[in-house]
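1. Starting from these lines, generate the structure:
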Amino acid sequence: MKKNRRSFISQSALAALSFTIVPRYVLGKGFTAPSDMLNLGFIGTGKQARGLLNSFKEKANIIAGADVDINKLHYFHSLLEKYYSQAKSNGKNTSFKGFTAYDDYKEILARKDIDAVVIATPDHWHAMQSIQAANAGKHVYCEKPLAHTVEEGRAMVKAARKNKIVFQTGSMQRSWRNFRHACELVRNGYIGKISEIHVMVGDKGETYNLPAKVLRPGLNWDAWIGPAPYNEFNPELAPPVEQDIFPNWRNFKEYGGGYISDWGAHMFDIAQWAMGMDNSGPVKLIPPKDGGSKGLQLIYENGVVMKHLDFGRGQGVRFIGEKGRIDVSRSILDSDPVNIVNATIQPGEIRLYESNDHYFNWLNCIKDGSLPICDVEVGHRTSSVCNISNIAYWLGRPLEWDPHAEKFKNDAEANTMLKPMFREGWTLG
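-> Next up, the predicted model:
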């Protein structure tokens, strides 16, 4: 691929497939095509983005991608080319109009023909890219955990509201029937008053400690680091595309938040939904006295105690009430007594937002201007639970949290940890 300042690929090989260019017209903040297919740009084209490619490729036109790793960008492009080539061979009608790849995501934001962006970069990039996308008038689908810090998450909410864009957080479990059903059972009192919620996810984020390795060709390491604290390259953070594995940057606090953030963004999210806490959070956090990696207690104003612990069923959530319990995960939905999960929510009872496709939900909300199932505020509140849980583990002392002010009470040191760890010269704007 010939590279210039603005792009790796200027009108890719996909243009040779002769897809019809569909005229467009402006509707509100975004653009809509007569085919009802929105134009998407992908920011980040690695392992997670390739999964999202499969989720979006039949629902929207993916016409641009950006990555600091030319090898991952090229592979992403090849997968897209293969899909549209097969679609054409099978006689499938499509309004696809070609793909352009960039080494700088800002080139995607500058394009007037792109309606929305899918952000699948490491956590430390989420806020900056989302805010800049919102300011450019682009709707946003951003992977979970939404924000790397509480301050960044609130800034993301403000940018989305100011620019009136539709912002979906990639916590797709909210669009799965079993999780919704479990939450509706809890909300409607099928296990009575809730006393405890047990959440099994991984451990806290750790300080980066990997040795420097030789940088592989095709990766712009300084651009990968971006606003985060600088460390020398190690392939654990950005493995080569040939390995097809999830990278381990998420283990380290400089770039992720450990698995308490990575999986916590899924399971704490379900706990918050079931409690009706999508606009709030816990008021007190008590870490284990032994300094262990499990055992944190998060206490809510209503008296419910959410515990980060292994209840023996893998990554999931256990709701404990006065009339029984419900366990839910990606492979489990059961209860004690066993008949609880077989109950049907009755007319007049609480029904939660129903989405059967997390990706269609976002695209449809862009078209009608409604809020998606995991709106930016919801994503921010969930990632805040992850963020403050990490802080409690790191400091090893009880903390009081004000979910309205989004500050710790009487703890200046803890409050400094709500801010991003940007290197000199970088800001959110």
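
2. can you pull out the helices in the protein?
-> 47-56, 70-89, 106-109, 123-135, 150-163, 177-187, 221-225, 259-262, 264-275, 358-368, 376-395, 412-416 (DSSP state H).

3. okay if I get those helices as CSV plus distance to residue 336, mean neighbour count and mean pLDDT?
-> C-betas here are computed from N, CA, C, even on glycine. Formatted as CSV, the helices of the chain follow (distance: least, CB to CB, whole Å; neighbours: other CB atoms under 10 Å; pLDDT from 0 to 100):
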stretch, distance to residue 336, mean neighbour count, mean pLDDT
helix 47-56, 34, 18, 98
helix 70-89, 44, 17, 93
helix 106-109, 50, 18, 98
helix 123-135, 36, 25, 98
helix 150-163, 36, 21, 98
helix 177-187, 13, 21, 98
helix 221-225, 47, 16, 98
helix 259-262, 27, 24, 98
helix 264-275, 17, 26, 98
helix 358-368, 30, 20, 98
helix 376-395, 26, 26, 98
helix 412-416, 38, 13, 98
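
4. Residue 245 is nearest to which of these?
-> Nearest of the helices of the chain to residue 245, taken as CB to CB: helix 47-56 at 6.7 Å.

5. ok, and what's touching the closest one?
-> Residues outside helix 47-56 that contact it (CB atoms under 8 Å, 6 or more residues apart in numbering): 40, 42, 62, 65, 75-76, 79-80, 118, 120, 141, 143, 170, 244-247, 358-359.

6. switch the cut-off to 6 Å
-> For helix 47-56, contacts defined as CB atoms under 6 Å, 6 or more residues apart in numbering pick out 42, 118, 120, 246, 359.

7. Strands - which of those land there?
-> 42, 118 (DSSP state E).

8. pLDDT value on the closest residue to residue 288 other than its chain neighbours, please?
-> Spatial nearest neighbour of residue 288, chain neighbours left out: residue 295 (3.3 Å); criterion: CB to CB, 6 or more residues apart in numbering. Looking at residue 295, its pLDDT is 98.

9. and what of the one 4 residues further on?
-> You'll see residue 299 listed with a pLDDT of 98.

10. doesn't residue 306 make contact with it?
-> No: Residue 299 lies out of contact with residue 306 (CB atoms under 6 Å); the separation is 7.8 Å.

11. CA atoms of stretch 182-193 as PDB?
-> Extracted C-alpha coordinates of stretch 182-193, given in PDB (Å, rounded to 0.1, in the frame of the first residue of the first chain):
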ATOM      1  CA  ALA A 182     -33.300 -11.400  35.100                       C
ATOM      2  CA  CYS A 183     -33.400  -7.700  35.700                       C
ATOM      3  CA  GLU A 184     -37.100  -7.500  35.200                       C
ATOM      4  CA  LEU A 185     -37.600 -10.300  37.700                       C
ATOM      5  CA  VAL A 186     -35.500  -8.400  40.300                       C
ATOM      6  CA  ARG A 187     -37.200  -5.000  39.600                       C
ATOM      7  CA  ASN A 188     -40.600  -6.500  40.000                       C
ATOM      8  CA  GLY A 189     -39.800  -8.200  43.400                       C
ATOM      9  CA  TYR A 190     -39.900 -11.800  42.300                       C
ATOM     10  CA  ILE A 191     -37.200 -12.600  44.800                       C
ATOM     11  CA  GLY A 192     -38.400 -10.000  47.300                       C
ATOM     12  CA  LYS A 193     -36.300  -7.300  48.700                       C
END
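
12. Touching it from outside, list them.
-> Residues outside stretch 182-193 that contact it (CB under 6 Å, 6+ apart) are 273-274, 319, 321-324, 326, 328, 340, 343, 345, 349-350, 352.

13. List the contacts of residue 127.
-> Contacts of residue 127 (CB under 6 Å, 6+ apart): 147, 152, 156, 428.
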